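K.L.:
Fold the following for me, if possible:
(one chain, ligands or ions: 1)
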Amino acid sequence: MSATNRRILLAARPSGEVRPDDWQHDSVPVEEPGPGRFAGRTRVISLDPAMRGWLDDRPSYLPPVGIGEVMRAGSVIEVTASEHPDFQPGDHVVGTFGVQEYVVSDGKGAMKIDTSLAPPSTYLGALGMPGMTAYFGLLDVGALKDGETVVVSGAAGAVGSIAGQIAKARGCRVVGIAGGPEKCSLLVDELGFDAAVDYRAEDVRKALRREAPDGIDVYFDNVGGDILDAALTRLAMHARVVVCGAISQYNNVTPVKGPSNYLSLLVRRARMEGFVVFDYAQRYAQAARDISAWIEAGRIKVREHVVRGSVDDFPETLAMLFRGENVGKLVLELA
Ligand SMILES: NC(=O)c1ccc[n+]([C@@H]2O[C@H](COP(=O)([O-])OP(=O)(O)OC[C@H]3O[C@@H](n4cnc5c(N)ncnc54)[C@H](OP(=O)(O)O)[C@@H]3O)[C@@H](O)[C@H]2O)c1
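P.N.:
Below is the predicted model of the structure:
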């Protein structure tokens, strides 16, 4: 075991896009586990748009990361030493262990994973938080019915790619919205979406009129802003708008841009509802079983974007999400 633990800490609260000097890179001695705890080495770190929100000092569903604290992150670690009865050396464990090379944990919120069934990265993606988000957002909040018309924004990303494929597995017509021709081809040619809209190249409102001529029953929104506004103009009667996220707004220095077309909710007797995936934790096992079965049956294809490097690459890797440089679930795999 190396003598030092390299870590990424929050140095300053960003305004707008996160800058390199908002982070502090440091090294501290590696800790021993101690009674009731285990120690492990980080293998894969999850990059999530929500991380941007955790840097702001404002009320949210989790407290902000404190200045001088290790950056919060989901990760998979491999246990190296243990004085905890439930975790043994060699186990792979998923949890919120932060952006650091070595971890000591009392096991709270940690879960052993079976890497013979899927690689560690998949437990941060399709079988992890993004997969759970797609599943409960679409099926519970979106109350999806077989055969409906579903539109997903951020469709080539971690959550969107799974949400769209679940909707396909349920016999829906699925339209994905994503940035660029490569992502749009991926959606249709590889992931089985019925159509894709490149929001960078075409007018989204017009494209949705073409691709969802009878209206949208479920709009699964990952991006907010103008794309949300465009989708609101195409709602079918009793549509459900799932507010999963609004990445287009996360770096705003001005107030979040709300939807000006919200009165279509009234006209269409529609509903718009937000959710936080953690509220469904009791049901994760069922969702993971269903998603695994869809993967095994070839109904869901898993796309992961693996950056290989060190924890020092975390800031630059996180920025990729906001530039749309990832296809599928973005993770940083430590060498
Ligand atoms: N509610 C919950 O509990 C929950 C849980 C997990 C995630 N989320 C939310 O789900 C959304 C997707 O997360 P993810 O992990 O799956 O990320 P992701 O989609 O894998 O990555 C982010 C993607 O967002 C798109 N994007 C970036 N800036 C954009 C902009 N200005 N306008 C439109 N699209 C933009 C980019 O794709 P393009 O190239 O297509 O632009 C980028 O690849 C996020 O909003 C996240 O906060 C919510």
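K.L.:
Quick check: the gap between the residue nearest to the spatial centre of the chain and P89.
P.N.:
In the chain, the residue lying closest to the centroid (Cα atoms, centre = their mean) is P130, at 4.2 Å. Distance, P130 to P89, using Cβ to Cβ, to the nearest Å: 29 Å. For the C-beta atoms, the positions are set from N, CA and C on the backbone; glycine is no exception.
K.L.:
Now that we're looking at the residue nearest to the centre of the chain, what pLDDT does it have?
P.N.:
pLDDT recorded at P130 is 98.
K.L.:
so what secondary structure elements neighbour whichever strand or helix holds it?
P.N.:
Under the criterion of DSSP states H and E, P130 resides in helix 129-136. Judged by 3 or more Cβ pairs under 8 Å, 6 or more residues apart in numbering; DSSP states H and E, helix 129-136 is in contact with helix 158-169, helix 284-296.
K.L.:
just those helices: most buried one?
P.N.:
Counting by mean count of other Cβ atoms under 10 Å, helix 158-169 has the highest mean neighbour count of the helices and strands packed on helix 129-136, with a mean of 29.
K.L.:
List every C-alpha atom in that one, with coordinates, as PDB.
P.N.:
Taking Å, rounded to 0.1, in the frame of the first residue of the first chain, the C-alpha atoms of helix 158-169 are listed here in PDB:
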ATOM      1  CA  ALA A 158     -26.100   7.900 -18.200                       C
ATOM      2  CA  VAL A 159     -29.700   8.400 -17.100                       C
ATOM      3  CA  GLY A 160     -31.200   9.300 -20.400                       C
ATOM      4  CA  SER A 161     -29.800   6.300 -22.300                       C
ATOM      5  CA  ILE A 162     -31.300   3.900 -19.700                       C
ATOM      6  CA  ALA A 163     -34.600   5.800 -19.500                       C
ATOM      7  CA  GLY A 164     -35.100   5.600 -23.200                       C
ATOM      8  CA  GLN A 165     -34.200   1.900 -23.400                       C
ATOM      9  CA  ILE A 166     -36.600   1.100 -20.500                       C
ATOM     10  CA  ALA A 167     -39.300   2.900 -22.400                       C
ATOM     11  CA  LYS A 168     -38.500   0.900 -25.600                       C
ATOM     12  CA  ALA A 169     -38.600  -2.300 -23.500                       C
END
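K.L.:
ok so, going back, for the residue nearest to the residue nearest to the centre of the chain when sequence neighbours are not counted, list the residues it contacts.
P.N.:
Nearest residue to P130 in three dimensions, chain neighbours excluded: A158, at 3.8 Å (Cβ to Cβ, 6 or more residues apart in numbering). By Cβ atoms under 8 Å, 6 or more residues apart in numbering, the contact set of A158 is 48, 125, 130, 326, 328-330.
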